[in-house]
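J.: Need the 3D shape of this:
(one chain, ligands or ions: 2)
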Amino acid sequence: MLLHIPGVLDNAQLARFRQALEGAAWVDGRQTVGPQGAKVKDNLQLPEDSPLRAELGREVLAALAAHPMYFPATLPARTLPPRFNRYQGGGQYGFHVDGSVMAIAVAEGAPPVNLRSDVSCTLFLCGPDEYDGGELIISDTYGEHEVKLPAGDLIVYPSSSLHRVAPVMRGARLAAFFWVQSLVRDDGQRRMLFELDGAIQALTATGADPDAVLRLTGVYHNLLRRWAET
Ligand SMILES: O=C(O)CCC(=O)C(=O)O
Ligand SMILES: [Fe+2]
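T.: Ligands and ions are numbered 1, 2, ... in the order given. As a prediction, this is how the structure comes out:
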C-alpha cells in the first residue's frame with residue numbers, strides 16, 4: 001500500500017529542522033548500504049551517531065505518534081531511528097530494494113535487536129518548488145509511481161518494492177527516512193485493516209448504529225489478533 005500521510009510536521013517544526021540541517025556536517029550516504037546499493041547511491045546523510053540525527057529523529061517519532069493516520073497505516077512494532085538525507089548537484093539513488101533485516105539499538109549497553117523492514121517511509125522536509133527532480137519513484141505491479149510531496153508530508157510504501165530517487169538537478173532535497181517492522185507483516189492484510197479502520201471511524205463520525213459499529217470493531221480486533229506478530 002502506497003499511502004500519503006499529510007501534515008506530519010508543522011511549519012514551525014520544519015523551519016527548525018531546516019535550520020539545524022543546513023548547518024549540519026553530512027557524510028557520504030553509501031556508509032549505510034551494502035556493495036549493491038553503493039553502486040547506485042549518490043547522496044549525503046547525517047552520520048549514524050550524530051546527536052542531531054538522534055534529536056530530530058525523536059521529534060519525528062513523536063510527531064508520527066501524534067498523527068491519527070500513522071498508527072492504523074503502519075501498525076508499528078519496531079521503528080528504525082530516523083535517518084536524514086540530502087540530494088543535490090545531480091545526486092540520486094538508483095533502483096534498489098531495501099535491506100530486509102536491520103539491526104537496531106534499543107537501549108544503551110543492550111545488544112541490538114533485529115528489525116524486519118515491512119514498511120519504508122520518507123518524510124519530505126523541502127517543498128516541491130525548492131528543487132528540480134528528486135521524485136521518489138516506486139515500482140509495483142501497477143507500474144511506476146512518482147512521489148514528490150509538500151514539506152512535512154510522509155509517504156509510506158511496502159519495503160518489498162523496487163524504488164529509486166531521481167537526480168536532483170537544482171536546489172537540494174532534504175528528507176527523513178526510516179523503516180518499520182509492522183505487527184502485520186503482509187501488506188495486503190495491513191491494507192484491509194487500514195480500510196476497515198477508516199470505515200469504522202467514518203461510521204462512528206456520522207452517527208451510525210452503535211451496535212453495528214461495535215460488531216465491526218470486533219471484527220477489526222479479531223483480524224488483528226489473528227494476523228499480528230508481537
Ligand atoms: O530519499 C528517499 O526518499 C528514499 C531513500 C531510500 O530509498 C533509501 O535510503 O533506501
Ligand atoms: Fe530505499
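
J.: how many other residues sit next to residue 20?
T.: The local packing of residue 20 (other C-beta atoms under 10 Å) involves 14 other residues. From N, CA and C alone the C-beta is placed, and that goes for glycine too.

J.: residue contacts, the nearest residue to it once chain neighbours are set aside?
T.: Leaving aside its chain neighbours, residue 20 sits nearest to residue 52 (5.9 Å; criterion: C-beta to C-beta, 6 or more residues apart in numbering). Listed by C-beta atoms under 8 Å, 6 or more residues apart in numbering, the contact partners of residue 52 are 20-21, 24, 46, 84.

J.: tell me the SS of residue 111?
T.: The three-state label given to residue 111 by DSSP: H, G, I helix; E, B strand; the rest coil is coil.

J.: so how many other residues sit close to it?
T.: 8.

J.: is it true that residue 43 touches residue 83?
T.: No. Residue 43 is beyond contact range of residue 83, at 10.8 Å (criterion: C-beta atoms under 8 Å).

J.: quick revisit: show me which of the contacts of residue 52 are buried.
T.: Among those, those classed as buried by 16 or more other C-beta atoms under 10 Å are 21, 24, 46, 84.

J.: List just the nearest of those to residue 210.
T.: residue 84 (44.9 Å; C-beta to C-beta).

J.: That closest one falls within a strand, correct?
T.: Yes. Applying three-state DSSP, one finds residue 84 inside a strand.

J.: residues contacting it?
T.: By C-beta under 8 Å, 6+ apart, residue 84 lies in contact with 21, 24, 45-46, 52-53, 56-57, 125, 174-177.

J.: Make CSV out of the residues you listed and add secondary structure, pLDDT and distance to residue 37.
T.: Below are the contacts of residue 84 laid out as CSV (DSSP: H, G, I helix; E, B strand; the rest coil; pLDDT from 0 to 100; distance: C-beta to C-beta, whole Å):
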residue, secondary structure, pLDDT, distance to residue 37
21, helix, 98, 22
24, coil, 97, 22
45, strand, 98, 12
46, coil, 98, 17
52, helix, 98, 23
53, helix, 98, 19
56, helix, 98, 23
57, helix, 98, 21
125, coil, 98, 22
174, strand, 98, 20
175, strand, 98, 17
176, strand, 98, 18
177, strand, 98, 13
